[in-house]
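Q: here is a sequence with its predicted model. Questions after.
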Amino acid sequence: MPVIAYVTDWCPDCSDSKRLLRQLGVKYREVDIDAVPGAEEEMRSRNGGVRRVPTILVNDMVLVEPTESELRDALKPRQS
């Protein structure tokens, strides 16, 4: 399953998470919930119904506003 990042263009935490994903060389699909019709509802269906970004899907994990450490830990199996 690919990494999916639900983000907005105004969110500093989203920018930080995307920067980390790029630094780690992780391929991911970015979904701007403000720009893509239906994306917010899709994100909410996966994260317990909240509008909180970034929401990042990694394998079977749903990370809502993850810290850098949480995101790194979730990605460890994918880095090898």
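A: That came through, no problem.
Q: bridging residues for residue 5?
A: Applying DSSP bridges to residue 5 gives these bridge partners: residue 30, residue 56.
Q: need the pLDDT of it.
A: Residue 5 carries a pLDDT score of 98 in this model.
Q: my read is that it contacts residue 21, right?
A: Yes. Under the criterion of CB atoms under 8 Å, residue 5 is in contact with residue 21, at a separation of 6.9 Å. All C-beta spots, glycine's among them, are computed from the backbone N, C-alpha and C.
Q: which non-adjacent residue is nearest residue 57?
A: Distances taken as CB to CB, 6 or more residues apart in numbering place residue 4 nearest to residue 57, at 4.4 Å, with adjacent residues excluded.
Q: the one you found: how many residues sit nearby?
A: Residue 4 is surrounded by 18 other residues when neighbours are defined as other CB atoms under 10 Å.
Q: pretty sure it is touching residue 56, no?
A: Yes. The pair residue 4 and residue 56 passes the contact test of CB under 8 Å, sitting 7.1 Å apart.
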